[in-house]
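> have a look; sequence and predicted model below, questions after that.
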Amino acid sequence: MPYDLFKSLQNYIPPNYSGIEYCQQLDKWLEEDKSREQQAYKLLREWLLLMREMHASDIDFGAPGANRQIWYRVYGTKKPMKQFGELEYYESAAIILSCISPSQKQILYMKRSVDFSLDLTEEGRKARFRGTGYFDQGYLCCNFRRINDVLYTIDGLRIPKPIATRLNLGFEKTGLILITGITGSGKSTTLDAIIDMNNRDNDGHIVIIGHPIEYVHDSKRCLVRHREVGVDVLSFEAGSVEALRQDPDIIVIGEMRDPRTIATVLEITDSGHKAFSTLHTSSAIDSIHRIIAEFPAEEQERIRNRLADVLTVIMSQKLVPTVDGKLVMAKEILSVDASVQAAIRNKNIGEIYQMMVEGRKLGMTTLEQDLLELFKRGIITNISAMSYANNKKRMMQLLAMP
């Protein structure tokens with residue numbers, strides 16, 4: 001046992017305890033001596049601050065799945081860190097419980113999962129993390145994701161000027177913009193870059209609804225409000241409706257997770273606001289299909305028409321390994337015009353891929369075209385281009401062209 005703090009805990013937990021009872025017993029142990037909680041939190045703090053030095057995006061530990069190891073994801077690869085030694089399940093759980101509030105513990109016990117944010121300061125420099133506590137085989141475990149403390153620029157993300165213009169409140173006052181991709185694809189990073197651009201370039205009011213709030217934007221030219229689900233507002237849906245009464249220019253909904261939230265986002269955009277949100281989909285076409293399919297068949301025609309009216313941009317993205325062992329963003333961009341609107345309304349969504357192929361002047365690109373560009377610039381290999389393409393046949397054709 002590498003951590004002396006937990007010696008007194010070794011025989012504290014009855015052998016038949018697991019799940020909530022197990023955590024509540026650990027919580028009692030922490031409460032009996034506040035210095036225990038402080039020391040456990042200090043350990044966690046050290047592990048989290050190390051992430052910046054390692055260029056790690058995530059850390060995971062706890063429960064049987066972690067095999068008593070602490071795991072870091074560095075440039076897309078997750079590996080255990082042997083130098084930290086082994087952690088017993090109860091040690092990991094005590095460390096996790098040391099960083100969440102009493103109300104968050106109640107959510108954890110009720111829902112078996114809790115999302116939260118954590119702020120740390122080291123030598124005057126702030127670090128922020130998104131945490132998720134959950135159970136694995138009856139034992140508590142956790143993932144922490146490091147929130148970038150440096151904002152990317154629109155140019156740095158290689159977003160074409162015609163698209164950047166559509167994202168800017170100064171040029172388009174209304175419309176729904178979706179940033180999509182799988183978990184860990186950098187959606188939040190892109191969304192924060194877009195928020196920062198609007199915050200710097202325009203006079204207005206931005207309301208951000210997140211679960212949890214990740215990057216915290218200082219008010220610059222815009223007044224920026226951050227509303228965390230479960231803390232400041234009950235749900236994404238409730239936050240979106242309430243935002244309409246708060247005189248917003250831009251409403252940012254962290255994620256469209258369910259039909260009710262999707263319907264609310266369409267409604268607030270239809271009412272003349274600019275809205276940004278995210279989806280867990282891997283392409284622009286999948287995003288359109290996903291939104292429509294979330295609703296019963298009898299409602300899909302109405303949703304299809306509303307989506308065609310309000311949708312302006314979809315940017316789907318992936319993080320692809322580079323030749324030097326890092327990661328680069330590859331993206332697919334759809335800019336909605338009259339032709340795309342007609343395709344959505346007439347159920348010809350399959351035609352949109354070719355519109356993106358031919359829409360380079362409008363800032364559009366398919367994922368395969370963007371991967372080809374990264375390959376030609378020597379940033380990624382042809383193997384990576386094939387691996388991360390959505391349309392493998394088209395990617396093979398592009399790579400074979402002289």
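Sure, I can see it. Here the structure is a predicted model, which is why all the values come from computation and not from measurement.
> which residue is the nearest non-sequential neighbour of the spatially most central residue of the chain?
Centroid-nearest residue in the chain: Ser188, 4.7 Å away (criterion: C-alpha atoms, centre = their mean). Sequence neighbours aside, Glu214 is the residue nearest to Ser188 in space, at 5.4 Å (criterion: C-beta to C-beta, 6 or more residues apart in numbering). C-beta coordinates here come from the backbone N, C-alpha and C atoms, glycine included.
> can you get me a residue count around that neighbour?
Around Glu214 there are 21 other residues, counting by other C-beta atoms under 10 Å.
> and Gln354, by the same measure?
Gln354 has 11 neighbours, counted by other C-beta under 10 Å.
> now do the helices in the stretch 251-400 of the chain.
Using DSSP state H, counting those that start in this stretch, the helices of the stretch 251-400 of the chain run over residues 259-270, 284-293, 297-310, 338-345, 352-357, 367-376, 382-388, 392-400.
> number of nearby residues for Phe61?
Residue neighbour count, defined by other C-beta under 10 Å, stands at 26 for Phe61.
> now it: closest residue in space that isn't a chain neighbour?
Closest residue to Phe61 apart from its sequence neighbours, by C-beta to C-beta, 6+ apart: Ile70 at 4.6 Å.
> element containing Pro162, please.
Taking DSSP states H and E as the definition, Pro162 sits inside helix 161-167.
> how does this structure divide into domains?
Per automatic domain parsing, the domain ranges recorded for the chain read 4-147, 161-400.
> my guess is the residue nearest to the centre of the chain contacts His211. True?
No - if you go by C-beta atoms under 8 Å, Ser188 and His211 don't touch, sitting 11.8 Å apart.
> thinking again about what came up before, just want the angle from the helix or strand that the helix holding Pro162 is followed by to helix 284-293.
Downstream of helix 161-167, the first helix or strand assigned by DSSP H and E is strand 175-180. Angle of strand 175-180 versus helix 284-293, following axes from the mean of the first three to the mean of the last three C-alpha atoms, to 10 degrees, is 110 degrees.
> between strand 175-180 and helix 259-270, how many degrees?
Here the directions of strand 175-180 and helix 259-270 differ by 140 degrees (the same axes, to 10 degrees).
> quick one: mean pLDDT for strand 175-180?
Strand 175-180 carries an average pLDDT of 97.
> give the other helices and strands that it contacts.
The helices and strands touching strand 175-180, judged by 3 or more C-beta pairs under 8 Å, 6 or more residues apart in numbering; DSSP states H and E, are helix 161-167, helix 187-201, helix 259-270, strand 274-279, helix 284-293, helix 297-310, strand 311-321.
> quick one, that strand and strand 311-321 angle?
Using the same axes, to 10 degrees: strand 175-180 against strand 311-321 is 20 degrees.
> leaving out the residues flanking it, which one is nearest to Ser271?
Nearest non-adjacent residue to Ser271, counting by C-beta to C-beta, 6+ apart: Leu244, 6.8 Å away.
> in the strand or helix carrying Lys42, what counts as buried?
Using DSSP H and E, the element containing Lys42 is helix 34-54. Buried residues in helix 34-54, defined by neighbour count with 16 or more other C-beta atoms under 10 Å: Arg36, Glu37, Gln39, Ala40, Tyr41, Leu43, Leu44, Arg45, Trp47, Leu48, Leu49, Met51.
> name the nearest residue to the last one, sequence neighbours excluded.
Leaving out its chain neighbours, the residue that sits closest to Met51 by C-beta to C-beta, 6+ apart is Arg146, at 4.8 Å.
> with the third one instead?
With C-beta to C-beta, 6+ apart as the measure, Leu5 is the residue that lies nearest to Gln39, at 4.8 Å, once sequence neighbours are left out.
> mind listing what the residue nearest to Ser271 touches?
Residues near Leu244 by C-beta atoms under 8 Å, 6 or more residues apart in numbering: Ile268, Ser271, His273.
> grab the nearest non-local neighbour of the last one.
Once its chain neighbours are removed from consideration, His273 has its nearest residue in Ile251; the separation is 5.7 Å (C-beta to C-beta, 6+ apart).
> hey, what's the one you found bridged with?
Beta-bridge pairing for Ile251 (DSSP bridges): Val207, Ala275.
> my guess is it meets Gly272, correct?
No - using C-beta under 8 Å, Ile251 is not in contact with Gly272, being 11.3 Å away.
> which one's more surrounded, those two?
Shown here are Ile251 and Gly272; by other C-beta under 10 Å, Ile251 has more neighbours (24 against 10).
> any idea of the pLDDT on that one?
For Ile251, pLDDT reads 97.
> just Tyr3 next, same as before
We note a pLDDT of 61 for Tyr3 in this prediction.
> tell me the contacts of Met329?
Counting by C-beta under 8 Å, 6+ apart, Met329 touches Leu157, Arg158, Gly186, Thr190, Gln317, Lys318, Leu319, Val320.
> swap the cut-off to 7 Å and go again
Shown in contact with Met329 (C-beta atoms under 7 Å, 6 or more residues apart in numbering): Leu157, Gly186, Gln317, Leu319.
> bridging residues for the last one?
So that's Leu319. Note on Leu319: beta-bridge partners Met329, judged by DSSP bridges.
> touching, it and Gly76? I think so.
Yes - counting by C-beta atoms under 7 Å, Gly76 is a contact partner of Leu319 at 6.4 Å.
> more neighbours: which of those two?
Legend: neighbour count by other C-beta under 10 Å for Leu319 and Gly76, higher for Leu319 (20 against 14).
> show me the shaky parts of the chain.
Scanning the chain for pLDDT under 70 picks out 1-3.
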